[in-house]
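[1] This is the structure alone, sequence omitted:
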């Protein structure tokens, strides 16, 4: 499941995508030994451009915007 949120700034538009990875088998883990994890990917489109720049631009976005997106994603998961 993926949750996406767009945040506009004076530099351009940021698209924050938060996804949840859960194992399918009880013995399965990721490289760090976790049975689940949140993945965050941030795309950045500069002002006046149509296509986003390549790469993950998580360092350009504020922690408050990331936390707000995580909370929205968590609220969608709750029954």
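    Ah, there it is. For clarity, every value in this text was computed on a predicted model and none was experimentally measured. Numbering: from 1, shown residues only.

[2] contacting residues for residue 61?
    7, 14, 16, 42 (CB atoms under 8 Å, 6 or more residues apart in numbering). For the C-beta atoms, the positions are set from N, CA and C on the backbone; glycine is no exception.

[3] for residue 72, helix, strand, or coil?
    Following DSSP: H, G, I helix; E, B strand; the rest coil, the label given to residue 72 is helix.

[4] Now it: closest residue in space that isn't a chain neighbour?
    Take residue 72 and drop its neighbours on the chain: the residue closest to it by CB to CB, 6 or more residues apart in numbering is residue 3, 6.1 Å away.

[5] Also residue 60?
    residue 44 (6.1 Å).

[6] That neighbour reaches residue 56, doesn't it?
    No. With contact defined as CB atoms under 8 Å, residue 44 does not count as touching residue 56 (9.2 Å).

[7] more neighbours, those two?
    Remark: of residue 44 and residue 56, residue 44 carries more neighbours, 20 against 12, as counted by other CB atoms under 10 Å.

[8] which residues sit against whatever helix or strand the more buried one lives in?
    Assessed by DSSP states H and E, residue 44 sits inside strand 36-46. With contact meaning CB under 8 Å, 6+ apart, strand 36-46 is reached by 11-23, 30, 51-53, 56-58, 60-61, 66, 69-70, 73.

[9] And it, what's buried?
    Going by neighbour count (16 or more other CB atoms under 10 Å), the buried part of strand 36-46 is 42-45.

[10] out of the contacts of strand 36-46, which are inside strands?
    Those of these mapping onto strands are 12-22, per DSSP state E.

[11] Residue 34 versus the spatially most distant residue from the centre of the chain, what's the distance?
    Centroid-distance maximum for the chain: residue 27 at 26.2 Å, with CA atoms, centre = their mean. Separation of residue 27 from residue 34 (CB to CB, to the nearest Å): 13 Å.

[12] so what strands line up beside the strand holding residue 44?
    strand 12-22 (antiparallel) (DSSP bridges).
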